[in-house]
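Engineer: below is the sequence, then the predicted model.
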Amino acid sequence: MAMTLRSESVSAFTPMSGERLSSAGPMPEAREMARGQGARGIAGRARVVRRWMNQAFRADPATMLFAARVSVWIRWLVCLIALAELAYRPGLWLATDLEYLFLFLLVPLVVFNGLVHYRLLRRRPVTWRWLLFLSAIDVTLITVAVIVGGEFHHLAYVTYFAALALFAAVFVSPRVCLLWTTAVAVTYAVVSIVAIGLDMEAGQEKALLARVGAMYCIVLCVSLIGRFERARLRKVMERERALQRSRVELSQAIHDTAAQNAYMVSMGIHRAVKMADDSDEKLKLTLEATSRLSKATVWELRRPIDEGRLFEGRELSRVLWSHAETFEQVASVPTEVILNGKEPPLAVEIRSSLFSIAHNALTNAFIHAEASKVKVRLDFEDDRIRLSVSDDGMGLPEDYAGRGRGFLGMRTEAERLGGRLIVESVGPGQGTTVICETPYG
């Protein structure tokens, strides 16, 4: 019995380099080869630059999400204070062109901050590019505020420290943090010397050097604390992975012994069912129930082995396909797997929870629904993951939610991911569909 795997992803095909793409006439072969090599060279350099930037601006997803939420609300607070000042004391505003520029720069801040906030509310991923652009807007606004202040001792420069600390908390590369700090320090020094003017007799150049030094100290301290915290988390994760590997090895050992024996017992019972006399209906029903129970035991013993592959870094789609193949072999139920979209990098917690939901739904289709056909669908959409398991079995009673712990566990897993669980069952004999929708983050 062969399991069906169907992918609905759309692939883009490009013509080969030897094909002529223009109808204006044939190009000389040497020029065509040179252009092809030049295009490939530019594309290769672009890929190298993208890889370098992704590596340089790498950030912990959880830290990035937390920093994005905090920074969004801080910017809303700044905008609210600026509008309140404008409404309460309009005479102090709009006196110079710089103040007009400051208010004008608030517009892109409000728009872009609103876009980031919308993505957070919709649980869409926020990449390092978003936070880098927001950091650039922050530095620009702070610089304009320093210029508008007009005095060297104006306290607007203090907000540089908060912006740099937030940048160092998000981005883990010390080189990137030091480069960003240098750019901010040079900008502040130029503004202080050119736009504001330093009083050398009062020793303001020494105060400027102290402020620039404080910028570097704050960034280095935040980076050092972040490095220690990440090292601690790595040790915790390594211990968890070691425990998971031990669990998988133990499960494999159990599978090689107990599961094989259970499978042989199941085959023997299945043969006994065929040999049983139809006149002894009670014996036949007992043997069928025992055969189903032995298959369920084999199926449950396979779970930790397949789930362990997730902790080895395997993709959710591949592990689900393999698990569904095992389900078809053990339960003798035709199973179709449909994959739609490209799977992005997912945290192991998300992959493990979705795997658990799919396993429990398949178990329900096998043991309780007595299905003759099962379909597993995994959709990677723009802002969410959608997993569905459908069967054509007996359906669910009205009080299914209060029976057992299967659906309660699936609902708990979905809510823990920030998603939801939907159970569709028209009625007895109409089959069941279990749907889990969860964001990427």
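Structural biologist: Looks like it came in fine.

Engineer: please make it C-alpha for all contacts and neighbour counts, starting now.
Structural biologist: Fine.

Engineer: contact partners of stretch 408-418?
Structural biologist: Applying CA atoms under 8 Å, 6 or more residues apart in numbering, the contact partners of stretch 408-418 are 350, 353-354, 356-357, 360, 401, 420-421, 436-439.

Engineer: out of these, which is nearest to residue 64?
Structural biologist: Nearest to residue 64 among the contacts of stretch 408-418 is residue 439, at 15.7 Å by CA to CA.

Engineer: rewinding a little: between the contacts of stretch 408-418, which is closest to residue 111?
Structural biologist: Using CA to CA, residue 439 comes nearest to residue 111 of these, at 23.5 Å.

Engineer: for residue 324, list the residues it contacts.
Structural biologist: Residue 324 is in contact with 335, 337, 376, counting by CA under 8 Å, 6+ apart.

Engineer: mind checking pLDDT for the second one?
Structural biologist: At residue 337, the pLDDT value in this model is 93.

Engineer: what strands flank the helix or strand containing it, and is each parallel or antiparallel?
Structural biologist: Using DSSP states H and E, residue 337 sits within strand 335-340. Next to strand 335-340 in the sheet, as set by DSSP bridges, lie strand 4-7 (parallel), strand 374-380 (parallel).

Engineer: okay if I get the contacts of residue 324 as JSON lines plus neighbour count and distance to residue 83?
Structural biologist: Shown next, in JSON lines, are the contacts of residue 324 (neighbours: other CA atoms under 10 Å; distance: CA to CA, whole Å):
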{"residue": "335", "neighbour count": "26", "distance to residue 83": "60"}
{"residue": "337", "neighbour count": "21", "distance to residue 83": "55"}
{"residue": "376", "neighbour count": "23", "distance to residue 83": "53"}
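
Engineer: chain center to the strand holding residue 337: distance?
Structural biologist: Strand 335-340 sits 22 Å away from the centroid of its parent chain (CA atoms, centre = their mean, to the nearest Å).

Engineer: also stretch 75-87?
Structural biologist: On CA atoms, centre = their mean, the centre of stretch 75-87 falls 33 Å from the chain's centre.

Engineer: one more: stretch 423-440?
Structural biologist: Offset of stretch 423-440 from its chain centre (CA atoms, centre = their mean): 24 Å.

Engineer: got the buried residues for it?
Structural biologist: 423, 425, 431-440 (16 or more other CA atoms under 10 Å).

Engineer: farthest pair in those?
Structural biologist: Farthest pair in the buried residues of stretch 423-440 (CA to CA) is 431 and 440. Separation: 29.0 Å.

Engineer: so what's the gap between stretch 379-388 and the chain middle?
Structural biologist: 12 Å.

Engineer: measure it end to end?
Structural biologist: Stretch 379-388 has an end-to-end distance of 9 Å (criterion: CA to CA, to the nearest Å).

Engineer: what mean pLDDT does that stretch get?
Structural biologist: Mean pLDDT, stretch 379-388: 89.

Engineer: in it, what's buried?
Structural biologist: 379-380, 384-388.

Engineer: let me know the closest of these to residue 203.
Structural biologist: The shortest approach to residue 203 among the buried residues of stretch 379-388 belongs to residue 384, at 57.3 Å (CA to CA).

Engineer: got phi/psi on the residue lying closest to that closest one once chain neighbours are set aside?
Structural biologist: Counting by CA to CA, 6 or more residues apart in numbering, the nearest residue to residue 384 once its immediate chain neighbours are dropped is residue 439, at 4.2 Å. With angles defined as degrees, to the nearest 10, residue 439 sits at phi -70, psi 170.

Engineer: just residue 312 next, same as before
Structural biologist: Phi and psi for residue 312, reported as degrees, to the nearest 10, are phi -90, psi 0.

Engineer: and it, how close does it get to residue 387?
Structural biologist: Between residue 312 and residue 387 the computed distance is 22 Å (CA to CA).

Engineer: ok, residue 303 next?
Structural biologist: Between residue 303 and residue 387 the computed distance is 18 Å (CA to CA).

Engineer: distance to residue 113 added to the contacts of residue 324, as CSV?
Structural biologist: Putting these into CSV (distance: CA to CA, whole Å) gives the following:
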residue, distance to residue 113
335, 46
337, 40
376, 39
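
Engineer: of those residues, closest to residue 221?
Structural biologist: Nearest to residue 221 out of the contacts of residue 324 is residue 376 (CA to CA; 49.4 Å).

Engineer: the closest one reaches residue 390, doesn't it?
Structural biologist: Yes: if you go by CA atoms under 8 Å, residue 376 and residue 390 touch, sitting 6.5 Å apart.

Engineer: please enumerate the helices of this structure.
Structural biologist: Along the chain, counting by DSSP state H, helices occupy 29-56, 61-88, 97-121, 128-149, 158-170, 174-190, 204-254, 260-275, 281-311, 316-331, 348-367, 406-416.

Engineer: for residue 343, which non-adjacent residue is closest in space?
Structural biologist: Leaving aside its chain neighbours, residue 343 sits nearest to residue 380 (6.2 Å; criterion: CA to CA, 6+ apart).

Engineer: shouldn't residue 406 be in contact with residue 360?
Structural biologist: Yes: between residue 406 and residue 360 there is a contact under CA under 8 Å: 6.5 Å.

Engineer: so who does residue 351 touch?
Structural biologist: Residue 351 makes contact with 310, 315-316, according to CA under 8 Å, 6+ apart.

Engineer: tell me the least confident of those?
Structural biologist: The lowest pLDDT within these belongs to residue 310, with 85.

Engineer: what number of residues lie near that one?
Structural biologist: Around residue 310 sit 20 other residues, with neighbours defined as other CA atoms under 10 Å.

Engineer: residue 348 is in contact with that one, correct?
Structural biologist: Yes: contact criterion CA under 8 Å: residue 310 and residue 348 qualify, at 6.7 Å.

Engineer: and the buried residues of stretch 379-388, which is closest to residue 343?
Structural biologist: Nearest to residue 343 among the buried residues of stretch 379-388, counting by CA to CA, is residue 380 at 6.2 Å.

Engineer: hey, what's that closest one bridged with?
Structural biologist: residue 385.

Engineer: same check, this time on the one 10 residues further on
Structural biologist: For residue 390, the beta-bridge partners under DSSP bridges are residue 375, residue 433.

Engineer: that one touches residue 425, doesn't it?
Structural biologist: No: applying CA under 8 Å as the test, residue 390 and residue 425 come out as separate, 9.8 Å apart.

Engineer: joint contacts of those two?
Structural biologist: Common neighbours of residue 390 and residue 425 (CA under 8 Å, 6+ apart) are 431-433.

Engineer: need those residues in JSON lines (columns: distance to residue 155 and pLDDT).
Structural biologist: Converted to JSON lines, the shared contacts of residue 390 and residue 425 look like this (distance: CA to CA, whole Å; pLDDT from 0 to 100):
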{"residue": "431", "distance to residue 155": "67", "pLDDT": "85"}
{"residue": "432", "distance to residue 155": "64", "pLDDT": "90"}
{"residue": "433", "distance to residue 155": "60", "pLDDT": "92"}
